[in-house]
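Visitor: quick one: sequence and predicted model below, then my questions.
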Amino acid sequence: MSDGSIDLKDEARAEVYATPLEALNPAQPDLFRRNAMWPIFDRLRDEAPVHYTAESDYGPYWSVTRYNDIMAVDTNHQVFSSAGGITLQSLESKAEMAKRPSRPSFISMDPPRHDEQRKTVSPAVAPANLHQMAPVIRERAGLILDGLPIGEEFDWVDLVSKELTAMTLATLFDFPFEERRKLTHWSDMMTNAPGFGPVKSWDHKREEVAECFSVFGRMWDERQNAEPRFDLISMMAHGDATRDMDRQEFNGNVGLLIIGGNDTTRNTISGSIYALNKNPDQYAKLRANPDLIPSMVSETIRWQTPLAHMRRTAAQDFEFGGQTIKTGDHVAMWYVSGNRDDSVIDNPNAYLIDRPRPRMHMSFGFGIHRCVGNRLAELQLTIIWEEIMKRFPTVELASEPSRTHSVFVKGYETLPVVIPRRN
């Protein structure tokens, strides 16, 4: 069966190919919400793999859409800097952000500060700690799944994807467990524009994010005055490279860790249900051979691509792909496009859970900014699917999902499903 996520009318594709090349603009959140961005990326990979959009709601920017070109940008931090921010930011958002202090985080830093701060928190997601966390994640996954309604429709995003990731994130922060869904809420407040997700207005967003940082500020103060513990806040409070950082930098790192620990895993858990339902032959293959779960997890991470892009800023004039990128230009690496590049990935629009080399995707990025929690994401996905397969022959899609209105987070707001009753 073909890729169920690419279900576009011929007219939509014709419209993209009738548009002048220079006028193409993939940074349109409404396209992503309608899952209608694919023809733009197909055309850009074919005709203009390094492409300049002069006008958009995000200002002017370059799009890099082929796998190998994205890798070249991602691994060249000397030319393509993260220090100016790592996402395309709308002009409206920039105007709002100008009203308050900036909140740098280590993902939006260049070496050496990036390396020092990343090294401080990385033990939390190192293999030895993941080995210790695995039984806890498995127990929680089982409790979540055993509490699901059978034979009636429910929202998989809310009851499963958000819940498992919130539990894991609360453990990493040593955040009050009974208040874990605040972490999910704050992540949604940070990543959504007013009118989408839970965000009602810029004032509402500012107030809720301020509350988040106030709570974490109290946690920082408490842990700075206590013996070092093995949680992310204590690690930063006692780390040589982070204990003297100012409060805005701490806030930036908290925001990064909340979003990074929440959105990617949660949207890939949801994406796995969607992908398997749209490709029932692959779901049958998984039921026949549950040993394919790790391979299926990697294929889903590629197929879903939970973060659609990352941005860099050119630190110097640079010739790339036959184009001259000027100092200060913004460059969007469209991971969502690179993961569908048929010059590197065979039959990339197909969802194949036994694909050779399934981990050859770019959803985690490359180089110094490669996702620090990638193994934790894979662990959570693997465990939840091992537990699903023990319990339910199928989890069936009840209707099409509602998708996130964003050019950054590529995910699901709701995913209606039914777990059939056993006869």
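Guide: Cool, got the structure.

Visitor: give the contact list for Tyr67.
Guide: Applying CB atoms under 8 Å, 6 or more residues apart in numbering, one finds that Tyr67 lies in contact with Gly338, Asn339, Asp341, Ser343, Val344, Ile345, Met362. For the C-beta atoms, the positions are set from N, CA and C on the backbone; glycine is no exception.

Visitor: list the contacts for the third one?
Guide: Okay, so that is Asp341. Residues touching Asp341, when contacts are defined by CB under 8 Å, 6+ apart, comprise Arg45, Thr65, Arg66, Tyr67, Asn68, Pro348.

Visitor: quick check: it vs Ser406, distance?
Guide: Remark: distance between Asp341 and Ser406 (CB to CB, to the nearest Å) = 22 Å.

Visitor: what of the fifth one?
Guide: Computed as CB to CB, the Val344 to Ser406 distance reads 26 Å.

Visitor: ditto for the last one
Guide: Here the distance between Met362 and Ser406 works out to 18 Å (CB to CB).

Visitor: the two - which one has more neighbours?
Guide: Of the pair Met362 and Ser406, Met362 is the one with more neighbours under other CB atoms under 10 Å, namely 25 against 20.

Visitor: after the helix or strand containing Tyr283, next one along is what?
Guide: Taking DSSP states H and E as the criterion, Tyr283 maps to helix 280-288. On the C-terminal side of helix 280-288, the nearest following helix or strand under DSSP H and E is helix 293-304.

Visitor: what's the next secondary structure element after that following helix?
Guide: Once helix 293-304 ends, the next helix or strand along the chain (criterion: DSSP H and E) is strand 310-314.

Visitor: what comes into contact with that next one?
Guide: Outside of strand 310-314, the residues that reach it under the criterion CB under 8 Å, 6+ apart are 61, 73-74, 79-88, 325-333, 335, 365, 369.

Visitor: report the distance from that strand to the chain centre.
Guide: If you compare the mean C-alpha spot of strand 310-314 with that of the full chain, they lie 17 Å apart, counting by CA atoms, centre = their mean, to the nearest Å.

Visitor: got it, and stretch 59-75?
Guide: When distances are taken as CA atoms, centre = their mean, stretch 59-75 is centred 17 Å away from the chain's centroid.

Visitor: show residues contacting the helix holding Tyr283.
Guide: Contacts of helix 280-288 with the rest of the structure, by CB under 8 Å, 6+ apart, involve 1, 275-277, 292-293, 296, 351-354, 389, 393-394.

Visitor: which PyMOL command selects the buried ones in the contacts of strand 310-314?
Guide: Applying 16 or more other CB atoms under 10 Å to the contacts of strand 310-314 leaves a buried subset, and the PyMOL line that selects it is:
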select buried, resi 61+73+74+79+80+81+82+85+86+87+88+325+329+330+331+332+333+335+365+369
